[in-house]
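In: the following comprises the amino acid sequence and a computationally predicted model.
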There are 2 protein chains.
Amino acid sequence: VATEFELIARYFTRPVSRAVLGVGDDAAIIEVPNGRQLAVTTDTLVAGTHFFHDAEPEPLGHKSLAVNLSDLAAMGAQPRYALLALTLPASDERWVAQFADGFLRLADGCDVELIGGDTSQGPLSITVTVLGELPKGRALTRAGARPGDDVWVSGVLGEAALAVRHLKGELRLKGPDLDHCLRRLHQPTPRVKLGERLLDVATAAIDISDGLVADLAHICERSGMSAEVEFERVPCHPKVMPLKGLPAVRDAVLAGGDDYELLFTAPTARRRDVAEISAATSVGITSIGRIVAGTGVRVTDGLGRKVELPSKGYEHFR
Amino acid sequence: VATEFELIARYFTRPVSRAVLGVGDDAAIIEVPNGRQLAVTTDTLVAGTHFFHDAEPEPLGHKSLAVNLSDLAAMGAQPRYALLALTLPASDERWVAQFADGFLRLADGCDVELIGGDTSQGPLSITVTVLGELPKGRALTRAGARPGDDVWVSGVLGEAALAVRHLKGELRLKGPDLDHCLRRLHQPTPRVKLGERLLDVATAAIDISDGLVADLAHICERSGMSAEVEFERVPCHPKVMPLKGLPAVRDAVLAGGDDYELLFTAPTARRRDVAEISAATSVGITSIGRIVAGTGVRVTDGLGRKVELPSKGYEHFR
């Protein structure tokens, strides 16, 4: 049986080119170019809470990095470095190799260097910390939404939540639709390039992890604003559109979470810019509502009637 | 029952003064002054592996940050920021409040700002990421030891390991000795100021987490050198001195780990500087051997005979 140190050395120690010092010492050393700031964030995925205990290791490696890169994207930061703290019940080389494949393929694809980490024995859990660069003073926070701003969302919503419901036996998906929703759940695409482009346009941004309404509420709270969303405009997969009125589907779209799409606000004068960014990044971006004075999020149907909201979104300890 | 978000907001959201943006957005934002580099490291403590399940939360909060600051100290870095990823079996407000007390008191004492984190439900586990600053190109790595260098260690060794053995029922400590060893185990003091001072003097450094011999072996491997250690010179508590020859005590001193003292090498010409740093930081520093050409670590007794080494030090998965 390989020891902890051998496992780490074999799968996670890779040469770095951007970092001054990578894996293998007491700490990694990095430099931040003049005129740039660092965005730093950390997120944990725990077996039984964020994924099933028998989850495939390769998508899990992807997802544990993706959810963190999604946070950087929501700040408009360019991903640079990652640290991986991995806790495993036992030394399972096949598992580690496949996990590393998923993690490092996404890291390579996003030009992220793995510069440090820790491996422990214990219940399966993954904490990733990522660092990204930004032009000084330009970070895209949750706090800048202004009255009259459009509310925009990238991609389509609800597919990951539908996959979770399928896995829990609460509804049934089949064939390519099931595959598609499972892929969206297990291997979300962090909107990294989109986030970087939004630096020049958006007034506030967040990534959708808790659910559309809950995350829009975060923007509203931080910005001291209210948001009005038209349910009909909230984008979902064409096949899901006819079912959008069903409570299970509506809840998945509005509150399912795990979408890892970007939700942002921008002045109406910037609509053309948003369209150009959508074209340039090949990511669909849909206007779903607007920011107004007040507090909270209000979702209405095509007739202006209030759409009943499900739970506030995904919360632990409930 | 408080929700995750309320718990986080209450105990871990604090104003920042150095960071550009702290807890509460998708990522924290920091700046690195001109001429400085960042040292970044992450360490996980898992219940059942690194501490007992019923460990007191306040010392645990202290220790989860301390072990990370110890890594920064070993690089000679000045601690600046921390991120805390906390996984808890249930929402226990008393526990979180006490954990936060221990964590934040040490953070305040070391001028560290908590700038981000994540709270999840699951088996008790704590992953902390810390960032520290260094003068550009000056980091103290494991790789610089040269033939003839002295090998130095701060403080005294073995006390944390003796406390673990007591808790496991393998030996018995009593009264103030027990209290002292338990404090060393549960609330180690990261040698932050010492590490910063060593930047000008040491050729290589590491903090002792795996055990003296195992960690000295890391320096030797990275430096392409060998080390000779005289067991009689390895510092331990005056009360432990007469018992140093007992296998259990010898193992605790040489391989117990969890000491979080600094182990470093420096040219013999710098002995006076080391003594001055010891006086200036009020930390005892003892010369225990020297670096020679070759590989591996050799420990000898007062008569030059090889001292039998126990295990290679603490390793998970064994």
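Out: Sure, I can see it. Numbering: from 1, shown residues only, chains lettered A, B, ... in the order given.
In: shaky segments in chain A?
Out: Within chain A, the ranges that satisfy pLDDT under 70 run A:1-6, A:8-9, A:311-318.
In: give me the most central residue, it.
Out: Chain A has residue A:260 as the residue nearest its centroid, 3.2 Å off, counting by C-alpha atoms, centre = their mean.
In: how about the stretch 101-250 of chain A: which residue is closest to chain B?
Out: When scored by C-beta to the nearest C-beta, the stretch 101-250 of chain A has residue A:122 as its residue closest to chain B, at 3.4 Å. Glycine gets a C-beta too; all of them are placed from N, C-alpha and C.
In: just give the nearest non-adjacent residue to that residue, would you?
Out: Ranked by C-beta to C-beta, 6 or more residues apart in numbering or on different chains and with sequence neighbours excluded, the top spatial neighbour of residue A:122 is residue B:46, at 3.4 Å.
In: now name the helix or strand holding that neighbour.
Out: Using DSSP states H and E, residue B:46 sits within strand B:36-46.
In: quick one: the strands in chain A, in order.
Out: A:28-30, A:36-46, A:78-88, A:113-121, A:125-135, A:150-154, A:204-207, A:226-230, A:262-266, A:285-292, A:296-300 (DSSP state E).
In: ok, longest helix in chain A?
Out: Counting residues, the longest helix in chain A under DSSP state H turns out to be helix A:57-75.
In: please name every helix or strand in contact with it.
Out: strand A:36-46, strand A:78-88, helix A:93-109, strand A:125-135, helix A:175-186, helix A:192-198, strand A:204-207 (3 or more C-beta pairs under 8 Å, 6 or more residues apart in numbering or on different chains; DSSP states H and E).
In: redo the ones you listed as CSV? Include mean neighbour count.
Out: Listed next are the helices and strands packed on helix A:57-75 as CSV, based on neighbours: other C-beta atoms under 10 Å in any protein chain shown:
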stretch, mean neighbour count
strand A:36-46, 25
strand A:78-88, 25
helix A:93-109, 18
strand A:125-135, 27
helix A:175-186, 17
helix A:192-198, 24
strand A:204-207, 27
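In: which one of these lies nearest to residue B:170?
Out: Across the helices and strands packed on helix A:57-75, residue B:170 has its closest neighbour in strand A:78-88 (25.9 Å, C-beta to C-beta).
In: get me the contact residues on the stretch 101-250 of chain A for chain B.
Out: With the criterion set to C-beta under 8 Å from any C-beta of the partner chain, the stretch 101-250 of chain A comes near chain B through A:115-123, A:125, A:127, A:129, A:131-132, A:134, A:136-137, A:139, A:141-143, A:205-207, A:222.
In: dump the residue contacts of the nearest residue to residue A:64 once chain neighbours are set aside.
Out: Residue nearest to residue A:64 in three dimensions, not counting chain neighbours: residue A:126, with 4.3 Å by C-beta to C-beta, 6+ apart. Contact partners of residue A:126, counting by C-beta atoms under 8 Å, 6 or more residues apart in numbering or on different chains, are A:44, A:45, A:46, A:60, A:64, A:84, A:85, A:86, A:87.
In: now with 6 Å?
Out: Going by C-beta atoms under 6 Å, 6 or more residues apart in numbering or on different chains, residue A:126 touches A:45, A:64, A:86.
In: go ahead and confirm the last one touches residue A:120.
Out: This means residue A:86. No - Residue A:86 lies out of contact with residue A:120 (C-beta atoms under 6 Å); the separation is 7.4 Å.
In: need the residues that contact stretch A:76-95.
Out: A:1-2, A:39, A:57, A:69, A:72, A:110, A:112-120, A:122, A:124-134, A:140, A:195-196, A:198-199, B:42, B:44, B:46, B:127, B:317.
In: what's the span of stretch A:285-301 from first residue to last?
Out: End-to-end distance for stretch A:285-301: 20 Å, by C-alpha to C-alpha, to the nearest Å.
In: and the contacts of it?
Out: Residues from elsewhere that reach stretch A:285-301, judged by C-beta under 6 Å, 6+ apart: A:145, A:147, A:149-154, A:213, A:216-217, A:225-231, A:233-235, A:265, A:274, A:278, A:306-307.
In: make a PyMOL selection of the buried ones in those.
Out: Listed next is the PyMOL selection for buried residues among the contacts of stretch A:285-301, using 16 or more other C-beta atoms under 10 Å in any protein chain shown:
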select buried, chain A and resi 145+149+150+151+152+153+154+213+216+217+225+226+227+229+230+231+234+235+265+274+278+307
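In: for the residue lying closest to residue A:131 once chain neighbours are set aside, name its beta-bridge partners.
Out: Once flanking residues are discounted, residue A:131 sits nearest to residue A:81: 4.4 Å by C-beta to C-beta, 6+ apart. Taking DSSP bridges as the rule, residue A:81 bridges to residue A:113, residue A:131.
In: look up how far residue A:270 lies from residue A:152.
Out: 10 Å (C-beta to C-beta, to the nearest Å).
In: oops, could you answer that again for residue A:53 instead?
Out: Taking C-beta to C-beta as the criterion, residue A:53 is separated from residue A:270 by 45 Å.
In: neighbour-wise, which of those two wins?
Out: Comparing residue A:53 with residue A:270 by other C-beta atoms under 10 Å in any protein chain shown, the one with more neighbours is residue A:270, at 19 against 9.
In: just checking, residue A:130 touches residue A:70?
Out: No - judged on C-beta under 6 Å, residue A:130 makes no contact with residue A:70 at a distance of 9.7 Å.
In: next one: phi and psi at the residue nearest to the centre of chain A?
Out: For residue A:260, the backbone dihedrals are phi 50, psi 30 (criterion: degrees, to the nearest 10).
In: give the contact list for it.
Out: Taking C-beta under 6 Å, 6+ apart, one finds A:70, A:188, A:207 in contact with residue A:260.
In: ok, and the closest non-adjacent residue to it?
Out: If the residues on either side of it in the chain are set aside, residue A:260 comes closest to residue A:188, at 3.9 Å by C-beta to C-beta, 6+ apart.
In: and for residue A:220?
Out: residue A:227 (5.3 Å).
In: quick check: bridge partners of the one you found?
Out: Where residue A:227 sits in a bridge, its partners, by DSSP bridges, are residue A:291, residue A:297.
In: ok, it - contacts?
Out: For residue A:227, the contacting residues are A:151, A:216, A:220, A:289, A:291, A:297, by C-beta under 6 Å, 6+ apart.
In: widest-spaced pair of those?
Out: A:220 and A:289 (11.2 Å).
In: check the offset of stretch A:215-232 from the chain's centre.
Out: Here stretch A:215-232 is found 18 Å from its chain centre; the criterion is C-alpha atoms, centre = their mean, to the nearest Å.
In: now it - C-alpha only, CSV.
Out: The C-alpha coordinates for stretch A:215-232 follow below in CSV (Å, rounded to 0.1, in the frame of the first residue of the first chain):
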residue,chain,number,x,y,z
ASP,A,215,-28.2,34.1,-5.0
LEU,A,216,-30.1,37.0,-6.5
ALA,A,217,-31.2,37.8,-2.9
HIS,A,218,-27.5,37.9,-2.0
ILE,A,219,-26.9,40.6,-4.6
CYS,A,220,-29.9,42.5,-3.5
GLU,A,221,-28.9,42.4,0.2
ARG,A,222,-25.3,43.5,-0.5
SER,A,223,-26.4,46.2,-3.0
GLY,A,224,-29.3,47.4,-0.8
MET,A,225,-31.7,46.8,-3.7
SER,A,226,-34.6,44.7,-4.8
ALA,A,227,-35.0,42.5,-7.9
GLU,A,228,-38.0,41.7,-10.1
VAL,A,229,-37.7,38.5,-12.1
GLU,A,230,-40.1,37.3,-14.8
PHE,A,231,-40.3,33.6,-14.5
GLU,A,232,-41.1,33.1,-18.2
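In: isn't residue A:25 up against residue B:142?
Out: Yes - between residue A:25 and residue B:142 a contact is recorded at 5.4 Å, counting by C-beta under 6 Å.
In: find residues that contact each of those two.
Out: Here residue A:25 and residue B:142 have no joint contacts, going by C-beta under 6 Å, 6+ apart.
In: ok, stretch A:29-45 near chain B or not?
Out: Yes - judged by C-beta under 6 Å from any C-beta of the partner chain, stretch A:29-45 comes into contact with chain B at A:29, A:30, A:31, A:32, A:37, A:38, A:39, A:40, A:41, A:42, A:43, A:44.
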